[in-house]
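In: Take a look and give me a structure for this.
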Amino acid sequence: MKTVSEKLLNYALTVACIAITAVSGVQLVQTLRPRAAVSAPAGGSAPDEAVNDLDIDVPEAPSRGAATARFAVVEFSDFQCPFCGNYARDTYTEIQKDFVDTGKIKYMFVDFPLERIHPFALKAGEAARCAGRQGKYWQMHDVLFRNQTALDSLSLAKHANAIGLDSSAFSTCLGGMESETVQRGLSLGKKVGVMSTPTFFIGELRSSGKLSLMRKISGAQPYVNFRSALVKVIAKSS
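Out: Residues are numbered from 1 along each chain as shown. Coordinates of the predicted model:
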């Protein structure tokens, strides 16, 4: 007959084996699972990182700010991503006040819909661009981020009416007229290594129209981190 001490030892060994097996199983699943783009909160310990020798064309990106601005921020975003929404409603307003409205930077928006987890994001991106055809891209952009739980087709039509769009023209456009434009934004994001939303690039605008990327910010960072990165880029190029 086993003593109490022996029974306790056997029990401890059994629990340890179960724990090791469980951890190994999790690690195996994580190893086999393919990487996919995700919605992301504020990034890791480094608020921004350097980007070298990478120039991109963003002629289709809706923009805000002075046409004469020397620097630009490009946001790769998803209208259904909650972290993108938090950024748009809070942090962006500070960036606009201090850097966009003052003419220091041009601000660009590129759709990067994560369809696997956000089924309404792609159509929402199209809706914003359809509104842009009627000169109201940013009005729709702001409405969509304020109403992230209402991005189905019926809701998009209601948003269009709310901002005064021609409903017939909007409906026709939403039938697929802007789908390729949104897909090109997705392709551009993949080309520059976007793996989560929101992701931002800060760069210098060239006379050729291309944007020479200098810094990358991943996740919905607080305003102080954006300010630091922007000040760093502007000062370095002065």
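
In: Run through the residues that contact Arg133.
Out: By C-beta atoms under 8 Å, 6 or more residues apart in numbering, the contact list for Arg133 reads 169, 173, 177-178. Every residue, glycine included, has its C-beta placed from N, CA and C.

In: Sorry, wrong one. I was asking about Thr199.
Out: 40, 75-76, 112, 189, 216-219.

In: what's the answer for Pro113, then?
Out: Counted by C-beta under 8 Å, 6+ apart, Pro113 has contacts 78-80, 121-122, 124-125, 182, 186.

In: I'd like to know which of those are buried.
Out: Buried by 16 or more other C-beta atoms under 10 Å: 78-80, 121-122, 124-125, 182, 186, out of the contacts of Pro113.

In: which of those residues lies closest to Arg227?
Out: Closest approach between those and Arg227, by C-beta to C-beta: Asp78, at 23.8 Å.

In: give the contact list for the spatially most central residue of the chain.
Out: Against the mean C-alpha coordinate of the chain, by C-alpha atoms, centre = their mean, the closest residue is Pro198 at 2.2 Å. Each residue near Pro198 by C-beta under 8 Å, 6+ apart is listed here: 40, 75-78, 81, 83-84, 87, 219-220.

In: Over to Glu126?
Out: Contact analysis of Glu126 by C-beta under 8 Å, 6+ apart lists 173-174, 176-179, 181-182.

In: And for Glu60?
Out: Residues near Glu60 by C-beta under 8 Å, 6+ apart: 181, 184-185.

In: one more time with 10 Å
Out: 108, 110-111, 129, 178, 181-182, 184-185, 188 (C-beta atoms under 10 Å, 6 or more residues apart in numbering).

In: Could you save these as a markdown table and add columns showing secondary structure?
Out: Listed next are the contacts of Glu60 as a markdown table, based on DSSP: H, G, I helix; E, B strand; the rest coil:
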| residue | secondary structure |
| --- | --- |
| Met108 | strand |
| Val110 | strand |
| Asp111 | strand |
| Arg129 | helix |
| Glu178 | coil |
| Thr181 | helix |
| Val182 | helix |
| Arg184 | helix |
| Gly185 | helix |
| Leu188 | helix |
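
In: quick one: low-confidence ranges for the chain?
Out: Along the chain, the parts satisfying pLDDT under 70 run over 1-36, 43-45, 238.

In: follow-up on the earlier one: with the contacts of Pro113 in mind, which one is nearest to Ala46?
Out: Closest approach to Ala46 among the contacts of Pro113 (C-beta to C-beta): Asp78, at 22.8 Å.

In: Check the spacing between that closest one and Arg206 real quick.
Out: Between Asp78 and Arg206 the distance is 28 Å, computed by C-beta to C-beta, to the nearest Å.

In: isn't there a helix covering Met214?
Out: No. Met214: not assigned to a helix; according to three-state DSSP it is strand.

In: tally of neighbours for it?
Out: Per other C-beta atoms under 10 Å, the neighbour tally for Met214 reads 20.

In: now the strands: where do they sit in the protein?
Out: 38-39, 49-50, 55-56, 63-64, 71-77, 105-111, 196-197, 199-205, 211-218 (DSSP state E).
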